[in-house]
Each structure stands twice: as structure tokens, then as C-alpha cells.
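K.L.:
predicted structure and sequence below. I'll ask about it afterward.
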Amino acid sequence: MIQPTIITIDGTAGSGKGTLAMRIATDLNWHLLDSGALYRLVAYAAIQQGIDYSDESGIERIAKEMDIAFIPTGGKLVEVLLSDINVSDAIRTEDCGYGASKVATYGLVRKALLQRQRDFHQAPGLVADGRDMGTVVFPNAGLKIYLNASAEIRAKRRQQQLKENGVNVNMPRLIRDIEERDARDMGRKDSPLKPADDAIVIDTDHLGVDEVYRIVLQKAQTLVLS
Ligand code: DC
């Protein structure tokens, strides 16, 4: 049965889905699930506890037991807590992103996080962003969006972001890192990154963030009014 109060936004790393999901959730006044943050939390907790990413059962235990909270705030929308400590910024590092995509390859870890993700679906509705929102976690979502963008364009956007923070990066290395991450996210056995059969695929290479936002908002409003 279709769940009209769920919108999923999936796509590759750096495709702009996080910002888009946040804007749509704010407009509709719906809840927001940043599922990547859950995988980042697992990676972060593993580093903190000195557990190697190759230790599958140790990583699974973390995914099952970690004490986390997502606290909506006025401005940045969500604060991420791990054992009552604010780790919102700490989990955003490149290291945590790399670790997240490593631990996300374990089926047992994905299983341990499944119900936690589904619990985010509460009235009036949920916008869920990630890699497998439309395919695995919320297969009956009323609207499914999949964002595509080439590695070069995503690397350019990332370079611009880093530059604004005073960090200079090497472009070929940035592109290589993005391609490696894509290969791991798309190539894993369990819940690989791919568009759901009924997803609307949007190629964002030649679209600005506001244009993508307007397309998705219009579809979201049609869903809400139907
Ligand atoms: O969206 P992000 O960059 O915060 O995600 C970090 C990693 O987490 C990503 O490379 C793969 C993993 N991930 C996943 O496997 N499934 C999701 N639904 C979300 C993220």
C-alpha cells in the first residue's frame, strides 16, 4: 500500500540531496531523516571505541547499541547526539564519510539500522534522504526522487565548498575519491545505490539547486494535495 506521507530522496554522495531534503521537509513541515548520518555515527563510534572497520560483529554491535538522538533546531534543523554529546560537525568529516561507506557494506549493520530509520515516519510526514530510501527502507513511499550528477560536477561543487572554508584541494584526487565512493555504494551486495523502479530520476549536471528544488517541491505539493 502506497504511503503518501513519505518522500524519499536518494542519490550519490554530493548530488545535493541533503540540502534538497532539508528544504522540502521545512516547506511541508514534515520530519527529516538524514540516513547517511546514521552510518556516519556508526563509523564515528567505531573510531571512538577503537574498533576496526573490518571487525563486522563489533561494528554490528555498535549499530545495535549506540545511543543516538536527532534534535530538531530552528536553524540547522537537526542536531545529532551520540550518548548525549553533540557530534553534528564531528560526523561530517571526510574520514567519517569514508568510514560510513565502509560500514554500510555490512548487511548486519544495515539490518540493525532498518527499524531505527522506519521509526522516523511520524505524522504529518517524512522526507528521507539516503541511498536506499526508495528501494529498501520505504519501498511504498508516495514520491521517490533520485538525483544524478557526474563525478566531475560533484567534485567541482565540493571544491567550491571547501574553498569557502579556506581549504584547497587537489581536483583529480577529489574526483578519484568520489568515484571510489560511488563504486562502493553502487557495487555492494546489500541495498546497492540505484534508483527505485518508480523513482523520478533528475540529472542535476545542468540544473541549479533552485531549479531542482522547484521541480521537486511542485511534485511534493501535488502529492500532499492528492
Ligand atoms: O549521505 P552521506 O554522504 O552522509 O552517506 C555516507 C555513507 O553512508 C555513504 O557513502 C553510504 C552510506 N549510506 C548508505 O549506505 N545508505 C544510506 N541510506 C545512507 C548512507
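P.N.:
Alright, I've got the coordinates.
K.L.:
going by C-alpha atoms from here, please, whenever you check contacts or count neighbours.
P.N.:
OK.
K.L.:
if I pick residue 7, what's in contact with it?
P.N.:
Contacts for residue 7 (CA atoms under 8 Å, 6 or more residues apart in numbering) come out as 126-128, 141-145, 220.
K.L.:
to which secondary structure element is residue 7 assigned?
P.N.:
strand 3-11 (DSSP states H and E).
K.L.:
contact partners of the helix or strand following that strand?
P.N.:
With elements assigned by DSSP H and E, the helix or strand that comes after strand 3-11 is helix 17-28. Here helix 17-28 makes contact (CA under 8 Å, 6+ apart) with 9-11, 31-32, 34, 77, 126-130, 147, 209, 213, 216-217, 220.
K.L.:
and the buried ones among the residues you listed, selectable in ChimeraX?
P.N.:
Of those, the buried ones can be selected in ChimeraX as follows, counting by 16 or more other CA atoms under 10 Å:
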select :9,10,11,31,32,34,126,127,128,129,130,147,213,216,217,220
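K.L.:
now, which of the contacts of helix 17-28 lie within strands?
P.N.:
9-11, 31-32, 34, 126-130, 147 (DSSP state E).
K.L.:
same for the ligand: which of those are within range?
P.N.:
Near the ligand, judged by CA under 6 Å from any ligand atom, the entries from the ones in strands among the contacts of helix 17-28 are residue 130.
K.L.:
let me know the closest of the ones in strands among the contacts of helix 17-28 to the ligand.
P.N.:
Lowest distance from the ligand to the ones in strands among the contacts of helix 17-28 (CA to the nearest ligand atom) belongs to residue 130, with 3.7 Å.
K.L.:
kindly state the beta-bridge partners for that closest one.
P.N.:
residue 10 (DSSP bridges).
K.L.:
isn't it right next to residue 16, touching?
P.N.:
No - with contact defined as CA atoms under 8 Å, residue 130 does not reach residue 16; the gap is 10.9 Å.
K.L.:
any buried residues in stretch 98-113, and which?
P.N.:
Quick answer for stretch 98-113 (16+ other CA under 10 Å): 98-110, 112-113.
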